[in-house]
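[1] Here's my sequence, what's the structure:
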Amino acid sequence: MKKKRFFTIIGLGSFGFNVAKRLFELGHDVIAIDIDKDTVQDIRDFSTQAIIADASDKETMISLGLKDVEVAVVSLGDKMDTSALVTLYLKELGVKEIVVKALTLDHGKMLELIGATKIIFPERDIAIRTAERLSAPNIFDQITFLEGYSVVELTAPKELWNKTLKEANVRANYGIAIVVIKRKMLADLPAKVLIAPPASERIQEGDLLVIIGDDERLNKFKLL
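    Take a look at the predicted model:
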């Protein structure tokens with residue numbers, strides 16, 4: 001079972017609302033904060049505590065007692081100055097992990113200087129992933145989990161059909177690892193999922209492969 005963590009989400013636009021909701025569904029404690037009464041009302045069933053508050057007011061932030069929060073997520077739309085202030089207050093309150101949604105690269109640099117530990121650019125990241133999917137139709141998804149390394153789900157390339165994992169030897173030949181094989185079954189049967197498949201497993205036409213590796217090698221493998 002995953003460790004339960006204590007989050008606060010400040011700013012409940014579409015991004016912040018869905019982050020709060022999902023974290024709560026995953027079993028974490030979530031304090032959701034927004035200045036809009038209706039928005040806070042909507043999040044009540046999907047949070048541990050929902051608070052109407054102006055996070056740009058320092059005294060208000062202090063009074064909320066956020067010192068025990070492990071991770072704060074700041075998502076304040078196009079209010080760059082407000083997100084900077086809130087980030088500064090969270091830093092002064094001793095919150096160790098501060099994740100902030102930024103609008104521009106310069107905005108992100110400023111937030112890092114103030115104390116943000118992670119900057120996210122949702123629109124940019126979605127745009128990049130969409131472009132990658134459009135340019136390579138066999139790619140179903142790609143997630144960066146560490147700088148320079150990703151997990152990719154893609155259709156098995158023809159070059160690997162009917163080969164066992166041992167015969168394909170993708171680790172030696174391509175520098176990547178196949179960690180999951182998803183195989184469509186006949187009729188209405190659910191897909192067969194093979195986690196950490198054995199070397200004797202034979203790759204079939206139509207298989208979906210979940211692979212992991214550094215981005216340079218993954219990009220070469222996508223071209224097969």
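
[2] OK, contacts around Ile178?
    Contacts for Ile178 (CB atoms under 8 Å, 6 or more residues apart in numbering) come out as 165, 170, 197, 209-211. Bear in mind the C-beta positions are built from the backbone N, C-alpha and C, glycine included.

[3] Let me know the closest of those residues to Phe24.
    Val210 (27.2 Å; CB to CB).

[4] partners of the closest one in the sheet?
    Here Val210 shows beta-bridge partners Glu153, Val180, assigned using DSSP bridges.

[5] Surely it is in contact with Val152?
    Yes. Counting by CB atoms under 8 Å, Val210 touches Val152, with 7.4 Å between them.

[6] Neighbour count for those two, which is higher?
    Val152 (23 against 19; other CB atoms under 10 Å).

[7] Give me the pLDDT for the more buried one.
    Listed pLDDT for Val152 reads 84.

[8] pLDDT weak spots in this protein?
    Scanning the chain with the threshold set as pLDDT under 70 gives 1-3, 126, 128-147, 186-189.

[9] can you give me the helices in it?
    14-25, 37-43, 58-63, 80-93, 105-114, 122-135, 165-168, 170-174, 215-222 (DSSP state H).

[10] Distance to Ile31 for the ones you listed - can I get that in JSON lines?
    Output for the helices of the chain, formatted as JSON lines (distance: least, CB to CB, whole Å):
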{"stretch": "helix 14-25", "distance to Ile31": "9"}
{"stretch": "helix 37-43", "distance to Ile31": "10"}
{"stretch": "helix 58-63", "distance to Ile31": "12"}
{"stretch": "helix 80-93", "distance to Ile31": "12"}
{"stretch": "helix 105-114", "distance to Ile31": "21"}
{"stretch": "helix 122-135", "distance to Ile31": "21"}
{"stretch": "helix 165-168", "distance to Ile31": "46"}
{"stretch": "helix 170-174", "distance to Ile31": "44"}
{"stretch": "helix 215-222", "distance to Ile31": "36"}
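
[11] Nearest to Ala50, out of those helices?
    helix 37-43 (4.8 Å).

[12] list the buried ones in that closest one?
    Using 16 or more other CB atoms under 10 Å as the test for burial, helix 37-43 gives 39-40, 42-43.

[13] Closest to Lys109 out of those?
    Thr39 (29.2 Å).

[14] who's in contact with the closest one?
    Contacts of Thr39 (CB under 8 Å, 6+ apart): 12, 17.

[15] Kindly recompute the last result at 10 Å.
    By CB atoms under 10 Å, 6 or more residues apart in numbering, the contact set of Thr39 is 11-13, 16-17, 32, 50, 52.

[16] what's the answer for Lys58, then?
    By CB under 10 Å, 6+ apart, the contact set of Lys58 is 85-86, 88-89, 92-93.

[17] From the residues you listed, list just the buried residues.
    The buried subset of the contacts of Lys58 (16+ other CB under 10 Å) comprises 85-86, 88-89, 93.

[18] any chance of the buried residues of helix 37-43 in JSON lines, with distance to Asp125 too?
    Below are the buried residues of helix 37-43 laid out as JSON lines (distance: CB to CB, whole Å):
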{"residue": "Thr39", "distance to Asp125": "24"}
{"residue": "Val40", "distance to Asp125": "27"}
{"residue": "Asp42", "distance to Asp125": "25"}
{"residue": "Ile43", "distance to Asp125": "24"}
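
[19] Asp57: which of those residues is nearest?
    Val40 (15.9 Å).
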